[in-house]
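Trainee: Could you look at this predicted model? Sequence included:
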Amino acid sequence: MILIETIEKLKEVLFRIKSNGKTIGLVPTMGALHEGHISLIKKAKSENQVVVLSIFVNPVQFDKPNDLERYPRDLEKDLLLVESFTDIVFAPSVKEIYPTEPTEKYNFDELENIMEGVSRPGHFNGVAIIVKRLFDYVQPNRAYFGEKDFQQLAIIRKLVEQTKDDVTIVACPIVREPNGLAMSSRNQLLSFAKRNIASKVYGIINKSKALGTPNVKKISEFVLTEVKKFELVKLDYFTIINDATLQPVESLEDAKGVVACVAFSVGDVRLIDMIRFK
Ligand code: AMP
């Protein structure tokens with residue numbers, strides 16, 4: 001495994017690899033790696049000859065300075081964790097990626113005017129900026145993203161459609177803690193007790209699915225009522241949507257490709273999750 005910190009060096013190394021006709025899988029992350037990230041890396045390794053893992057806490061996708069500041073970072077630990085199944089780790093500085101203020105503006109219309117796009121203004125433009133730049137530097141055959149960030153996945157697919165980049169987007173399922181909580185770098189910011197409380201939301205949504213009703217209003221009411229029982233949990237949104245258009249579904253009857261997306265805070269830590277309904 002090699003650690004690369006500059007774009008120039010990355011391009012130079014990848015040029016040699018590509019000249020040998022090798023396929024490249026890219027896994028973009030913000031570090032503080034956990035089993036969820038590892039599952040993406042392993043998938044990339046199984047489908048490509050060379051895996052590039054990027055570790056970069058992308059400032060332009062944070063809407064709150066405090067969230068950026070306290071985002072967990074531990075490069076040394078990350079490197080040890082991925083050593084045996086990553087070929088290249090690209091961990092640039094902020095200056096390297098953004099020597100000047102980025103000015104790219106993307107438009108994802110109805111895909112971004114909902115959920116995270118509403119709660120975190122500018123977030124997806126920031127995500128698109130870094131992902132597009134990474135695609136340009138690496139020019140991967142495939143890029144791997146987690147379904148946990150379900151809206152992000154849809155937006156990246158749209159980005160590729162718009163830019164016509166020749167890259168296959170591979171979606172990977174959510175990896176969870178034994179208690180059901182979706183793994184997230186932000187979980188590190190929670191005490192053991194709070195992690196346990198956070199896992200209750202997953203339990204509630206699973207229960208709402210098990211109600212077996214096609215009535216989306218009823219399902220949502222159930223989730224809202226149950227979540228309210230946990231004082232520390234503040235629900236941002238719970239929404240049942242079509243998995244391709246991301247538009248709300250009114251009834252589960254006859255609907256195909258339905259997922260529930262949720263965002264909530266436990267204390268001052270904001271988490272998201274997703275569960276497939278159909
Ligand atoms: P992040 O470092 O949080 O930006 O995540 C990097 C990538 O890992 C994104 O594509 C995420 O969707 C994915 N990811 C994060 N957590 C999980 C998880 N628990 N299971 C699967 N993929 C995940």
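Mentor: Received it, and whenever you're ready, just let me know what you need. Residues are numbered from 1 along each chain as shown.

Trainee: ok, and the closest non-adjacent residue to the closest residue to the ligand within the stretch 51-200 of the chain?
Mentor: Proximity of the stretch 51-200 of the chain to the ligand (Cβ to the nearest ligand atom) peaks at residue 146, 2.4 Å away. C-betas here are computed from N, CA, C, even on glycine. Spatial nearest neighbour of residue 146, chain neighbours left out: residue 172 (5.3 Å); criterion: Cβ to Cβ, 6 or more residues apart in numbering.

Trainee: from memory the one you found sits against residue 44, does it?
Mentor: No - Residue 172 lies out of contact with residue 44 (Cβ atoms under 8 Å); the separation is 9.1 Å.

Trainee: picking that back up, got the contact list for the residue of the stretch 51-200 of the chain closest to the ligand?
Mentor: Contacts for residue 146 (Cβ atoms under 8 Å, 6 or more residues apart in numbering) come out as 36, 40, 153, 171, 172, 173, 174.

Trainee: mind redoing it with 7 Å?
Mentor: Shown in contact with residue 146 (Cβ atoms under 7 Å, 6 or more residues apart in numbering): 36, 40, 172, 174.

Trainee: would you list the residues you listed in JSON lines and tack on pLDDT, neighbour count and secondary structure?
Mentor: As requested, these are exported to JSON lines (pLDDT from 0 to 100; neighbours: other Cβ atoms under 10 Å; DSSP: H, G, I helix; E, B strand; the rest coil):
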{"residue": "36", "pLDDT": "98", "neighbour count": "21", "secondary structure": "helix"}
{"residue": "40", "pLDDT": "98", "neighbour count": "25", "secondary structure": "helix"}
{"residue": "172", "pLDDT": "98", "neighbour count": "20", "secondary structure": "strand"}
{"residue": "174", "pLDDT": "98", "neighbour count": "19", "secondary structure": "coil"}
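
Trainee: And the furthest pair within those?
Mentor: Of all pairs drawn from the contacts of residue 146, the one with the longest distance (Cβ to Cβ) is 40 and 174, at 11.0 Å.

Trainee: Can you name the residues of this protein that neighbour the ligand?
Mentor: Contact residues (Cβ under 6 Å from any ligand atom) of the chain with the ligand: 29-30, 36-37, 39-40, 145-146, 148-149, 172, 174-175, 182-185.

Trainee: if you skip the residues just before and after it, what's nearest to residue 102?
Mentor: Leaving aside its sequence neighbours, residue 102 sits nearest to residue 129 (Cβ to Cβ, 6+ apart; 5.1 Å).

Trainee: Near the one you found, how many other residues are there?
Mentor: For residue 129, the count of nearby residues is 20 (other Cβ atoms under 10 Å).

Trainee: and what of residue 192?
Mentor: 6.

Trainee: What of residue 42?
Mentor: Count around residue 42 with other Cβ under 10 Å applied: 18.

Trainee: what about the one helix or strand it maps to, distance to the chain center?
Mentor: Residue 42 belongs to helix 35-47 when assigned by DSSP states H and E. Computed by Cα atoms, centre = their mean, to the nearest Å, the chain-centroid distance of helix 35-47 equals 14 Å.

Trainee: got it, and stretch 191-208?
Mentor: With Cα atoms, centre = their mean, you get 19 Å for stretch 191-208.

Trainee: quick one, phi psi at the residue of the stretch 51-200 of the chain closest to the ligand?
Mentor: In terms of degrees, to the nearest 10, the main-chain angles of residue 146 are phi -90, psi 150.

Trainee: Next: residue 243.
Mentor: For residue 243, the backbone dihedrals (degrees, to the nearest 10) come out as phi -70, psi -10.

Trainee: where along the stretch 51-200 of the chain do the helices fall?
Mentor: 65-69, 75-82, 94-97, 115-119, 123-138, 150-163, 192-210 (DSSP state H, counting those that start in this stretch).

Trainee: Comparing those helices, which comes out most buried?
Mentor: Of all the helices of the stretch 51-200 of the chain, helix 123-138 carries the top mean neighbour count, a mean of 21, counting by mean count of other Cβ atoms under 10 Å.
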